[in-house]
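> Okay, here's the prediction I keep looking at, along with the sequence it came from:
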Amino acid sequence: MSRSGDRDAVVRDQYETYPYPPRDPADERKRLITGSPSHIDEINHYVFAGKRDFSAPFRALVAGGGTGDGAIMLAQQLADRGRGGQVVYIDMSESACRIARERARIRGLGNIVFHRGSLLDIADIAPGPYDYIDCCGVLHHLEDPAAGLAALRAVMAEDGGMGIMLYGALGRTGVYPLQESLRLLGGGEGARGRIELARRLLDDLPRSNWFRRNPLLGDHLLDDDAALYDLLLHSRDRAYRVGEIDDLVRSCDLAVTGFIEPIRYEPETYLDDEALIRRCRDLSFMERAALAENLCGTLKTHVFYLVAAGRAATARACPAAEAIPVIKDQSCGALARALAGRRELKADFDGAAVLLELPEQAADIVALCDGSRDLATIRGMLGMDEEAFGAAFATLYRSLNGINLMLLRHPA
Ligand SMILES: C[S@@+](CC[C@H](N)C(=O)[O-])C[C@H]1O[C@@H](n2cnc3c(N)ncnc32)[C@H](O)[C@@H]1O
C-alpha cells in the first residue's frame, strides 16, 4: 500500500509543472554537472573512510532525483570507474523523470534504473540494501521529513551511508514570511497567476522587509519561473538549523560525518579572539557546527554525509601516512600553479571574509598529489622529515579539504 497520500499531490503537481532544476538534456553533449552531495570522491571520503573500490558492485539510490543532476553525475562517475556501479532513481514527478531519462540516454549511461513514485514507498518499489543514498533538496518538502529519512534508513546497507541537502534556516531569512504573505494574498489563481502575484509583491516590498534585505537570495532575480516558484511559492518547505539536523538524524540512529564545505562549519573560521577560540575546542563536532552556523549566519543550505551512528567514528578518511590525497575535479598541476608563492587563500563565505593559511610548501606538495601517490611517498619525494611534513600537510589539508578541494582515499 502506498504510504504517500493525497497530501503529496500538491507537491507532485508543482514538480510536474516545474520540473526542478530546469535542464536541457542536449547540454549533456557539452558538460557534466558535478556538485555536492554525491561526488564520488566525497562519498568515498565521508562514507567509506576512503577505502571503497567502485569497480566492485556498488548500488546507489537517488531519492527525489528531480531532473537528474545527482543521478547523472554519480552514474557517469561510476561508469568511468568500471562496471560495478548501478544507480536507482526515484521521483514522484513524471516530467522530471522524463528529463533525467533523456539526459542518461544522450550520455549513453546504461547503469540507471528509473522509477516513478514516492521515496516513502521505496522498500516496496526498489528494495535495498543500498550502499549509498542521495537525497538532495527533498526531505524538507515532505510532510514528515523524519518519516522520509526513516524510509531511506530502512533500505540503507548497515555499512553504507547517505548524502543529504536540506535548506538552512538562517541564510533563508525572509523567505518564509514572504511565502506566507503570498498565501494570504493569493486567491486561487493557477501557477501563472501566482508567479505574477509574486513578481508584483517583490516589486512592492518595503525596504525594511527581511527578504529584500537578504543579499543571499537571488533565485527570484533570474528570468526563471521554476526557480521563483521553488523559492517563494512552494507548496511545502521548511528549513533547518544544525541542531535540528542533529535531532533528525539521531531519530534514525544516524550521525553526520562531515558538512560541505567543512571549514564553514568550524567556529574558528569566524573568530580572531584567542580566548573564544580556546572555548570552541571543548565542543563536540555537532556543537561546533551549530556554533559556526550561528556565527556566520549565512548558511542557506546544509550538505552533509550520514552513516549509521555506530560507524561515525571510523567512516571519515583521515590523513595517515598511507592516505592518498585526491584533488577534486582539477589536475594537481593546475592547482599547484594557482597556489605558487601564496601563504594564504582569500575566501568570501557570503560576506564573511576568511583567510585560509597555506604552508610554505603548499604548491610543491599539491604538485605531487596526482591521486596515486600516498603521503609517505610525497614526503619522500620532497625530502622532508616527518615532523615538518606533518605540520605542513596538516595546514594545507585544513584549508584545501576545508573548501572541498582535497579529499583522501586509502588503498583498499
Ligand atoms: C528541489 S527538487 C530536487 C531534485 C534533485 N534532488 C536535485 O537536487 O537536483 C525536489 C524533487 O523531489 C521530488 N519529491 C518530493 N517529494 C518526494 C517524494 N515523497 N518521493 C519522491 N520524490 C519526491 C520532487 O518531485 C522533485 O523532483
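Received it, and whenever you're ready, just let me know what you need.
> Report pLDDT for the residue in the stretch 1-150 of the chain positioned nearest to the ligand.
At 2.4 Å from the ligand, residue 66 is the closest residue in the stretch 1-150 of the chain, using CB to the nearest ligand atom. All C-beta spots, glycine's among them, are computed from the backbone N, C-alpha and C. You'll see residue 66 listed with a pLDDT of 97.
> likewise the one 4 residues further on?
pLDDT for residue 70: 98.
> Would you mind measuring from it to residue 375?
Distance, residue 70 to residue 375, by CB to CB, to the nearest Å: 31 Å.
> And for residue 305?
Distance of residue 305 to residue 375, given as CB to CB: 22 Å.
> same question, residue 169
From residue 169 across to residue 375, the span is 39 Å (CB to CB).
> In terms of neighbours, single out the busier of the two.
residue 375 (22 against 19; other CB atoms under 10 Å).
> in the stretch 51-200 of the chain, which spans are helices?
69-80, 94-107, 122-125, 145-155, 175-185, 191-204 (DSSP state H, counting those that start in this stretch).
> Could you single out the most deeply buried of these?
When the helices of the stretch 51-200 of the chain are scored by mean count of other CB atoms under 10 Å, the highest mean neighbour count falls to helix 69-80 (a mean of 23).
> For it, output the C-alpha coordinates as CSV.
Extracted in CSV, the C-alpha atoms of helix 69-80 (Å, rounded to 0.1, in the frame of the first residue of the first chain):
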residue,chain,number,x,y,z
ASP,A,69,21.8,16.2,-11.6
GLY,A,70,22.8,13.8,-8.8
ALA,A,71,21.9,10.6,-10.6
ILE,A,72,23.7,11.6,-13.8
MET,A,73,26.8,12.7,-12.0
LEU,A,74,27.0,9.6,-9.9
ALA,A,75,26.2,7.2,-12.8
GLN,A,76,28.8,8.8,-15.0
GLN,A,77,31.5,8.7,-12.3
LEU,A,78,30.7,5.1,-11.5
ALA,A,79,30.7,4.2,-15.2
ASP,A,80,34.1,5.9,-15.5
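> low pLDDT regions in the stretch 1-150 of the chain?
1-7 (pLDDT under 70).
> can you give me the strands in the stretch 251-400 of the chain?
Here the stretch 251-400 of the chain has its strands, by DSSP state E, counting those that start in this stretch, at 254-260, 301-308, 324-327, 344-349, 352-357.
> The shortest one pairs with which strands, parallel or anti?
Same thing as strand 324-327. Paired neighbours of strand 324-327 in the sheet (DSSP bridges): strand 406-409 (antiparallel).
> which residues touch the strand it pairs with?
With contact meaning CB atoms under 8 Å, 6 or more residues apart in numbering, strand 406-409 is reached by 41-42, 44-45, 50-51, 317-319, 323-328, 369, 371, 396-397, 400-401.
> of the residues you listed, buried ones?
Neighbour counting with 16 or more other CB atoms under 10 Å marks 41-42, 44-45, 50, 317, 319, 323-328, 369, 396-397, 400-401 as buried within the contacts of strand 406-409.
> mind exporting the longest helix seen in the chain as CSV, just the C-alpha atoms?
Determined from DSSP state H, the single longest helix within the chain is helix 386-402. Extracted C-alpha coordinates of helix 386-402, given in CSV (Å, rounded to 0.1, in the frame of the first residue of the first chain):
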residue,chain,number,x,y,z
GLU,A,386,58.2,13.5,9.2
GLU,A,387,57.6,16.4,11.7
ALA,A,388,58.0,19.2,9.2
PHE,A,389,55.9,17.4,6.5
GLY,A,390,53.2,16.5,9.1
ALA,A,391,52.9,20.2,10.2
ALA,A,392,52.9,21.5,6.6
PHE,A,393,50.3,18.9,5.4
ALA,A,394,48.0,19.5,8.3
THR,A,395,47.9,23.2,7.5
LEU,A,396,47.4,22.5,3.8
TYR,A,397,44.7,19.9,4.4
ARG,A,398,42.8,22.1,6.8
SER,A,399,42.5,24.7,4.1
LEU,A,400,42.0,22.6,1.0
ASN,A,401,39.8,19.9,2.5
GLY,A,402,38.1,22.8,4.3
